[in-house]
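Novice: next comes the sequence, and after it the predicted model I'd like to discuss.
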Amino acid sequence: MPPAAEPSPHGAALTWAGCWRGARAILAVLPPVFVFGVAFGIAARGHGLEGWIAALMSALVFAGASQFAALDLWTKPIPWLPLLVATFAINARHILLGASLRALCRGLPAWKVYGSMTLLSDLNWAALIAAERRGERDLGYLVGAGALMWLTWVTASVIGAVAGGLTLDDVKTYALDLVLVTFFATTLVGLRRGRIDDLPWLVAGLAAMGAVWFLPPNWHVLAGGLAGGIAGLVRDEMTRS
């Protein structure tokens, strides 16, 4: 957690007040985060990992999708190259997420910016972007939400590792795997500014679907993000001309 700080000369800030706002805002999505953390702990034990290794992975990696992907590839001997490629493909979207926050980071010391990015995830990024539309300018919003999510994820992973004899069937039986998808869908609707956003969103969706069919697993998010970003740039240039 960062110390209290005054906004930088460029308007960026990272304060305790911002952290508190972010932590409160993310409370609604902590239950599904907890469920998936428990699911990871259970799955990790099912793949032969010791409980403390599963907890350590959650604490250091803090990336649910790539952690599950790592479990799918976890064999003896460990296939390091496929493991690295898969985790890069899944997490490459963070390059785009981080780039979209550049304006909120401008003027802050590098250690604050890079320290904050260690807690970057899809959920607190989406929450911050939505809050930014309402006037939020404090990077602490991302940090507070991320820190609470990290604590929830690690705690849940430990619980799942301890209760490793359970099954994961209930996650899909009760549609708990759809909770995060629903969160993103509702957030996306709230971020829509009008018809100006329709073209890049459509291009991103089509590109992601095409990547699912024609590219190796896990590359669809990056493909969709890049295609949508390029479409947005082209739209802006056409609007200016």
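Specialist: All right, it came through fine. Residues are numbered from 1 along each chain as shown.
Novice: in the longest helix seen in the chain, what's buried?
Specialist: As assigned by DSSP state H, the longest helix anywhere in the chain is helix 140-162. For helix 140-162, burial by neighbour count (16 or more other C-beta atoms under 10 Å) applies to 140-150, 152-161. Backbone N, C-alpha and C define where each C-beta goes, glycine included.
Novice: what helices or strands is it leaning on?
Specialist: With contacts taken as 3 or more C-beta pairs under 8 Å, 6 or more residues apart in numbering; DSSP states H and E, helix 140-162 sits against helix 16-25, helix 30-46, helix 51-61, helix 110-117, helix 122-133.
Novice: report the angle between that helix and helix 51-61.
Specialist: Angular relation of helix 140-162 and helix 51-61 on a 0 to 180 degree scale: 170 degrees, by axes from the mean of the first three to the mean of the last three C-alpha atoms, to 10 degrees.
Novice: convert helix 140-162 to PDB, retaining C-alpha atoms only.
Specialist: Extracted in PDB, the C-alpha atoms of helix 140-162 (Å, rounded to 0.1, in the frame of the first residue of the first chain):
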ATOM      1  CA  GLY A 140      -4.700   4.500  -5.700                       C
ATOM      2  CA  TYR A 141      -8.100   3.300  -6.900                       C
ATOM      3  CA  LEU A 142      -6.400   0.600  -8.800                       C
ATOM      4  CA  VAL A 143      -4.000  -0.300  -5.900                       C
ATOM      5  CA  GLY A 144      -6.700  -0.500  -3.300                       C
ATOM      6  CA  ALA A 145      -9.000  -2.700  -5.400                       C
ATOM      7  CA  GLY A 146      -6.000  -4.800  -6.500                       C
ATOM      8  CA  ALA A 147      -4.700  -5.300  -2.900                       C
ATOM      9  CA  LEU A 148      -8.100  -6.500  -1.700                       C
ATOM     10  CA  MET A 149      -8.400  -8.800  -4.600                       C
ATOM     11  CA  TRP A 150      -4.900 -10.200  -4.000                       C
ATOM     12  CA  LEU A 151      -5.700 -10.900  -0.400                       C
ATOM     13  CA  THR A 152      -9.000 -12.600  -1.400                       C
ATOM     14  CA  TRP A 153      -7.300 -14.700  -4.100                       C
ATOM     15  CA  VAL A 154      -4.500 -15.900  -1.900                       C
ATOM     16  CA  THR A 155      -6.700 -16.700   1.100                       C
ATOM     17  CA  ALA A 156      -9.100 -18.600  -1.200                       C
ATOM     18  CA  SER A 157      -6.300 -20.500  -2.800                       C
ATOM     19  CA  VAL A 158      -5.100 -21.600   0.600                       C
ATOM     20  CA  ILE A 159      -8.600 -22.700   1.600                       C
ATOM     21  CA  GLY A 160      -9.000 -24.600  -1.700                       C
ATOM     22  CA  ALA A 161      -5.600 -26.300  -1.200                       C
ATOM     23  CA  VAL A 162      -6.500 -27.400   2.300                       C
END
